[in-house]
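J.: just coords:
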């Protein structure tokens, strides 16, 4: 469970590990950023060493996101045009900048883990998206999920209010923000429902037989 509800990457390094007999399946980062990475079987000590590098990369990523938002939001508000082509150009530049930063962080992580995985033999076992989702639900606390669900809902409401009540109606900001934050809200709500159902199932299993609810 995430111990720091305000930190979005707390415990998320566990997504690249899956417990198996004799150790863990580890999904190494892909040097080309996109696509599937190679998988290896690691022991407890190797897992701990690899997890340190993943946590360091995620910590640096969150600080860059905060710095980018603090710098980019005021500049975007000052210079972003309202018409679609201008907004698309600004969004494209932001996406390219984010992609460049993500690629740089990924390459740094690849260099860090390369000496460790060089001593390992690849395995045909895989960590699927279903496995990763299970880990995400297990790692994130209810408070964390509810907090980001509430934030997404507020942003969705603001985007919808801009469209329905603002002077510009359904401008590009409302057209992009409303579905984006709506999907984010639905995602966090779905995670909370899964988390809640898992908790109830665990309580039912642990409840002594014959004991009334």
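T.: Perfect, thanks for sending it. Predicted, not measured: the structure shown is a model, and the values here were computed from it.
J.: which of the residues in stretch 120-135 are buried?
T.: Within stretch 120-135, the residues scored as buried using 16 or more other C-beta atoms under 10 Å are 120, 127, 132, 135. C-beta here means a position set from N, CA and C on the backbone, and glycine is covered the same way.
J.: which helix or strand contains the third one?
T.: Spelled out, it's residue 132. If you go by DSSP states H and E, residue 132 is part of helix 129-139.
J.: could you dump the buried residues of stretch 120-135 into TSV and include pLDDT?
T.: Below are the buried residues of stretch 120-135 laid out as TSV (pLDDT from 0 to 100):
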residue	pLDDT
120	87
127	86
132	81
135	80
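J.: closest one of the residues you listed to residue 43?
T.: The closest of these to residue 43 turns out to be residue 120 (C-beta to C-beta; 9.9 Å).
J.: contact partners for the closest residue to that closest one other than its chain neighbours?
T.: What sits nearest to residue 120 in space, not counting adjacent residues and going by C-beta to C-beta, 6 or more residues apart in numbering, is residue 40, at 4.2 Å. By C-beta atoms under 8 Å, 6 or more residues apart in numbering, residue 40 lies in contact with 25, 26, 28, 117, 120, 121, 122, 123.
J.: ok, what's across the strand from residue 40?
T.: Legend: beta-bridge partners of residue 40 under DSSP bridges are residue 26, residue 122.
J.: where in this structure is pLDDT low?
T.: 1-10, 33, 35, 68-94, 199-213 (pLDDT under 70).
J.: where along it do the helices fall?
T.: 44-79, 84-117, 129-139, 142-165, 172-206 (DSSP state H).
J.: now these in JSON lines, with distance to residue 21?
T.: Formatted as JSON lines, the helices of the chain follow (distance: least, C-beta to C-beta, whole Å):
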{"stretch": "helix 44-79", "distance to residue 21": "13"}
{"stretch": "helix 84-117", "distance to residue 21": "20"}
{"stretch": "helix 129-139", "distance to residue 21": "15"}
{"stretch": "helix 142-165", "distance to residue 21": "31"}
{"stretch": "helix 172-206", "distance to residue 21": "23"}
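J.: closest to residue 18 out of these?
T.: Taking the helices of the chain one by one with C-beta to C-beta, helix 129-139 is closest: 5.4 Å.
J.: which one of the contacts of residue 40 is nearest residue 179?
T.: Among the contacts of residue 40, residue 28 lies closest to residue 179 (C-beta to C-beta), at 34.2 Å.
J.: my guess is the closest one contacts residue 111, does it?
T.: No. Assessed by C-beta atoms under 8 Å, residue 28 is found out of contact with residue 111, at 11.8 Å.
J.: ok, these two, which is more surrounded?
T.: Using other C-beta atoms under 10 Å as the criterion, residue 28 and residue 111 rank with residue 28 on top: 21 against 12.
J.: now residue 156: closest residue in space, sequence neighbours ignored.
T.: residue 181 (3.8 Å).
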